[in-house]
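Colleague: Whatever this is, show me its structure:
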Amino acid sequence: MHINSHFAVGIIVGSILHSIFNFNLFEFLLIVLLSFICDFDVFFAKYADNHNHRMLISHSILPGFLIIIFGMIFVWPALIFSGLTYSIHIITDTFDWGTNFFFFQKKQIGLKLLISKEEFENLPEYLSKFKKAESFFDSKYYKSKISLSIEVILFILMIVFITFFASEFFLLFLFYFIGLYFHLSRHFFLRKIERDK
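Modeller: Presented below is the predicted three-dimensional model:
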């Protein structure tokens, strides 16, 4: 899932919980921020196996679990739920390409619905067909009607839930478009590179 969709999940979860816990702005932002923050580990991909940022500890279940424990120690619901949104991110990432879920086993696990077993096992061969390796993943994502449908559904749910359960934070949904812009501009940039053969 793209960063904007993880952001939408954070808004949805934060809005539902806000109707129960009445979070202040900082707490609401914390819950939303931790729903997508781990995707910034892409900047450290050079330290990961095969330069795959999903093999880093930040893309395992461990950080979310630790955040939840700290939230329980400090009896701070917002921190507990921040750990929950972080964990939701990791769990949903197992559906498209998989993640190094438990970290220590150094294995990318999950359903990997956007990549076939044959492609996964012979990834270097498939990546070599593109000028930029990331074009392979980008094209698979944007050719998937399921991925694109989920993005639209999450956007609609985000608007509905923040409107009904956290209307005082409504304008925060505008940050969704930063993530969307990032992914779309990257998508068209990669398409241009691959087209100019």
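Colleague: Provide a list of residues in contact with Lys129.
Modeller: Going by C-beta atoms under 8 Å, 6 or more residues apart in numbering, Lys129 touches Phe136. From N, CA and C alone the C-beta is placed, and that goes for glycine too.
Colleague: Least confident secondary structure element in this structure?
Modeller: helix 123-127 (a mean of 89; mean pLDDT, DSSP states H and E).
Colleague: Give me the phi and psi for the nearest residue to Gln108 once chain neighbours are set aside.
Modeller: Spatial nearest neighbour of Gln108, chain neighbours left out: Gly98 (4.3 Å); criterion: C-beta to C-beta, 6 or more residues apart in numbering. With angles defined as degrees, to the nearest 10, Gly98 sits at phi 90, psi 160.
Colleague: that older thread, next, the residues that contact the helix or strand just after the least confident helix or strand of the chain from outside, please.
Modeller: Note on helix 123-127: by DSSP states H and E, the next helix or strand toward the C-terminus is helix 134-143. If you take C-beta under 8 Å, 6+ apart as the criterion, helix 134-143 is touched by 2, 96-97, 114-115, 126-127, 129-130, 147-148, 186-187, 190-191, 193-194.
Colleague: Any of the residues you listed buried? List them.
Modeller: His2, Asp96, Trp97, Leu114, Ile115, Tyr126, Leu127, Phe130, Ser147, His187, Leu190, Glu194 (16 or more other C-beta atoms under 10 Å).
Colleague: if we can go back for a sec, neighbouring contacts of the least confident helix or strand of the chain?
Modeller: Contacts for helix 123-127 (C-beta under 8 Å, 6+ apart): Asn50, Glu119, Ala133, Phe136.
Colleague: let's see 6 Å
Modeller: Helix 123-127 is contacted by residues Glu119, Ala133, Phe136 when judged by C-beta atoms under 6 Å, 6 or more residues apart in numbering.
Colleague: With stretch 57-71 instead?
Modeller: By C-beta under 6 Å, 6+ apart, stretch 57-71 touches 38, 41, 79-80, 82-83, 86-87, 90, 99-101, 103.
Colleague: Now do the contacts for Ile16.
Modeller: Counting by C-beta under 6 Å, 6+ apart, Ile16 has contacts Phe165.
Colleague: Am I right that it is in a strand?
Modeller: No. With DSSP: H, G, I helix; E, B strand; the rest coil as the criterion, Ile16 is helix rather than part of a strand.
Colleague: The nearest residue to Lys131 once chain neighbours are set aside and Asp93, how far apart?
Modeller: In space, and not counting its chain neighbours, Lys131 is closest to Ile193: 5.3 Å by C-beta to C-beta, 6+ apart. Counting by C-beta to C-beta, to the nearest Å, the separation of Ile193 from Asp93 is 25 Å.
Colleague: Please apply the same query to Ala78.
Modeller: From Ala78 to Asp93 the distance is 23 Å (C-beta to C-beta).
Colleague: who has more neighbours, these two?
Modeller: Counting neighbours by other C-beta atoms under 10 Å for Ala78 and for Asp93 shows that Ala78 has the greater number, 22 against 19.
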